[in-house]
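*Asks:* Provided below are the primary sequence and the corresponding predicted coordinates.
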Amino acid sequence: MAILITISIFLLSAQVIGSAQMLSHHHIIGILGESILLPCSLNSSAPVVPARLKFYWTVNETILAHVFYDGKENNDPQDSFYKNRTEIFTDLLSSRNFSLLLKDLRVKDDLTTFFVFYRQEDENSNELIQKKKMCSTILRVAKSFQKPVVTVNYEDRKAECTSRGGYPEPRLTWTNQNGLLDHEDPQITQDSGSGTVNIYSTVNITENQMVTCTIFNPTLKETLNTTKSTSEVQEGFTPSIIGVTVPIITVLILICFGVFYFVYKKGCGARGGATGASSGATGASSGATGPTDFPQLPEVVLLVPELVLLVPELVLQEQEVVPQEPEVMLQEPEVEILVPEVLLQETEVMPQETAVVLQEVMKSRAF
């Protein structure tokens with residue numbers, strides 16, 4: 001308690017001296033969440049004896065941020081906001097370096113003014129260095145914003161811009177090819193924990209515009225912007241459609257080609273069978289006209305197996321002979337064996353046209 005009273009008296013007397021000296025302020029910028037060094041060097045030729053040195057870092061001349069008293073650090077009277085956040089370099093005090101390291105910068109540190117008050121006494125407590133106020137430093141705290149994200153709401157015909165995680169509150173503008181755009185006041189929200197700022201803004205749009213959202217951090221003098229087209233076919237969207245559509249179209253074309261080829265081949269086979277059947281019918285008709293038409297004799301021979309094989313069906317079912325395809329030529333040996341049986345057993349019921357054909361066949365083979 002006695003130390004605190006002594007410090008208070010010392011600060012009051014130092015304020016009077018400091019105000020008369022009209023100190024110039026040094027501005028410094030720190031990044032939120034990081035550390036910053038507040039520089040301070042004593043401009044004096046007098047030797048500094050740390051064991052008899054008293055100096056204090058204060059905030060706005062009333063709050064104690066760090067205390068060095070009678071040769072050692074004594075932070076009992078230190079304000080709780082700065083507990084475990086400050087550090088001096090005791091090994092540099094003899095070289096007149098009184099700099100303060102401030103850690104874990106917070107939003108509340110922004111726009112604070114730091115001073116150093118100090119004095120030195122001899123071994124008999126006689127003042128060697130007069131009470132002095134020096135190293136006035138105005139601290140600014142800032143943090144970069146994330147790059148703005150711009151999206152287009154086609155239903156509401158608005159462009160939306162969002163940026164997060166910065167400090168202090170930025171300036172936001174909308175522009176297009178023709179210049180600045182009027183927009184609604186941005187919505188500003190602040191994170192309760194970190195104190196960082198989030199910003200959101202919208203602007204009315206028309207077709208075929210290139211709109212740009214710009215964020216300016218006044219402390220860091222930092223500008224970030226993002227440009228977006230308001231056309232409904234966005235850049236980067238068309239390639240993705242093509243990447244999906246082209247393979248699908250290719251597969252459909254191949255399927256159509258395969259179906260067409262299958263139908264085509266099947267149609268050709270049907271036409272070939274019909275042609276063979278027609279030729280067989282023509283041959284049978286020609287053979288029935290008599291044995292004098294020798295050029296057509298091979299066709300009659302090809303049809304003989306079919307006629308002989310069909311004889312039982314013609315007898316039993318009394319159906320008209322239907323010529324078959326020439327594939328039954330492979331069964332010709334069986335046909336030759338069956339012909340006598342058919343002739344012996346079914347002569348009475350055999351149609352006259354068939355008998356005529358068989359007679360012609362037998363005559364031709366006799367040659």
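*Replies:* Cool, got the structure. Numbering: from 1, shown residues only.

*Asks:* which residue, other than its chain neighbours, is closest to residue 32?
*Replies:* Computed as C-beta to C-beta, 6 or more residues apart in numbering, the closest residue to residue 32 that is not its neighbour in sequence is residue 143, at 4.0 Å. Placement of C-beta: from N, CA and C, glycine included.

*Asks:* and the one you found, how many neighbours?
*Replies:* Here the count is done by other C-beta atoms under 10 Å, and residue 143 has 23 residues near it.

*Asks:* that one bridge partners, please.
*Replies:* Beta-bridge pairing for residue 143 (DSSP bridges): residue 167.

*Asks:* my read: it touches residue 31, true?
*Replies:* Yes - look at residue 143 against residue 31 with C-beta atoms under 8 Å: they come within range, at 6.0 Å.

*Asks:* just the strands in the stretch 1-150 of the chain please.
*Replies:* Residue ranges of the strands in the stretch 1-150 of the chain, as given by DSSP state E, counting those that start in this stretch, are 26-31, 36-38, 53-59, 63-69, 72-73, 86-88, 100-102, 112-121, 127-142, 149-153.

*Asks:* nearest to residue 225, of those?
*Replies:* For the strands of the stretch 1-150 of the chain, the distance to residue 225 is smallest for strand 149-153, at 9.2 Å, taking C-beta to C-beta.

*Asks:* that closest one pairs with which strands, and in what direction?
*Replies:* Strand 149-153 pairs in its sheet with strand 158-166 (antiparallel), by DSSP bridges.

*Asks:* can I get the strand it pairs with in CSV, CA atoms only?
*Replies:* The C-alpha trace of strand 158-166 is given here as CSV (Å, rounded to 0.1, in the frame of the first residue of the first chain):
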residue,chain,number,x,y,z
LYS,A,158,-28.8,-8.2,-55.6
ALA,A,159,-25.1,-8.7,-55.1
GLU,A,160,-23.9,-9.6,-51.6
CYS,A,161,-20.5,-8.9,-50.1
THR,A,162,-19.1,-10.5,-46.9
SER,A,163,-15.7,-10.1,-45.2
ARG,A,164,-14.8,-11.4,-41.7
GLY,A,165,-12.2,-11.4,-39.0
GLY,A,166,-10.7,-7.9,-39.2
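
*Asks:* for it, buried residues please.
*Replies:* Residues of strand 158-166 classed as buried: 158, 159, 160, 161, 162, 163, 166 (neighbour count, 16 or more other C-beta atoms under 10 Å).

*Asks:* what is the nearest of those residues to residue 41?
*Replies:* Among these, and counting by C-beta to C-beta, the member closest to residue 41 is residue 166, at 33.1 Å.

*Asks:* OK, contacts around that closest one?
*Replies:* Residue 166 makes contact with 142, 143, 144, 145, 146, 196, 197, 215, 217, according to C-beta atoms under 8 Å, 6 or more residues apart in numbering.

*Asks:* what ranges do the strands span in the stretch 151-300 of the chain?
*Replies:* 158-166, 171-176, 179-181, 187-190, 197-204, 210-217, 222-229.

*Asks:* now tabulate these in CSV and tack on distance to residue 45.
*Replies:* Shown next, in CSV, are the strands of the stretch 151-300 of the chain (distance: least, C-beta to C-beta, whole Å):
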stretch, distance to residue 45
strand 158-166, 46
strand 171-176, 48
strand 179-181, 58
strand 187-190, 49
strand 197-204, 48
strand 210-217, 43
strand 222-229, 42
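
*Asks:* switch those strands over to JSON lines; also include mean pLDDT and distance to residue 37.
*Replies:* As requested, those are arranged in JSON lines below (pLDDT from 0 to 100; distance: least, C-beta to C-beta, whole Å):
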{"stretch": "strand 158-166", "mean pLDDT": "97", "distance to residue 37": "23"}
{"stretch": "strand 171-176", "mean pLDDT": "96", "distance to residue 37": "29"}
{"stretch": "strand 179-181", "mean pLDDT": "94", "distance to residue 37": "40"}
{"stretch": "strand 187-190", "mean pLDDT": "96", "distance to residue 37": "27"}
{"stretch": "strand 197-204", "mean pLDDT": "97", "distance to residue 37": "25"}
{"stretch": "strand 210-217", "mean pLDDT": "97", "distance to residue 37": "22"}
{"stretch": "strand 222-229", "mean pLDDT": "96", "distance to residue 37": "22"}
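
*Asks:* between those strands, which gets nearest to residue 136?
*Replies:* Of the strands of the stretch 151-300 of the chain, the one closest to residue 136 (C-beta to C-beta) turns out to be strand 210-217, at 25.0 Å.

*Asks:* list the buried residues of the closest one.
*Replies:* 211, 212, 213, 214, 215, 217.

*Asks:* same list (these) but as TSV, adding distance to residue 87.
*Replies:* TSV is the format used below for the buried residues of strand 210-217 (distance: C-beta to C-beta, whole Å):
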residue	distance to residue 87
211	48
212	44
213	41
214	39
215	34
217	28
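
*Asks:* and residue 175, how many residues sit next to it?
*Replies:* Around residue 175 there are 16 other residues, counting by other C-beta under 10 Å.

*Asks:* noted, bye for now.
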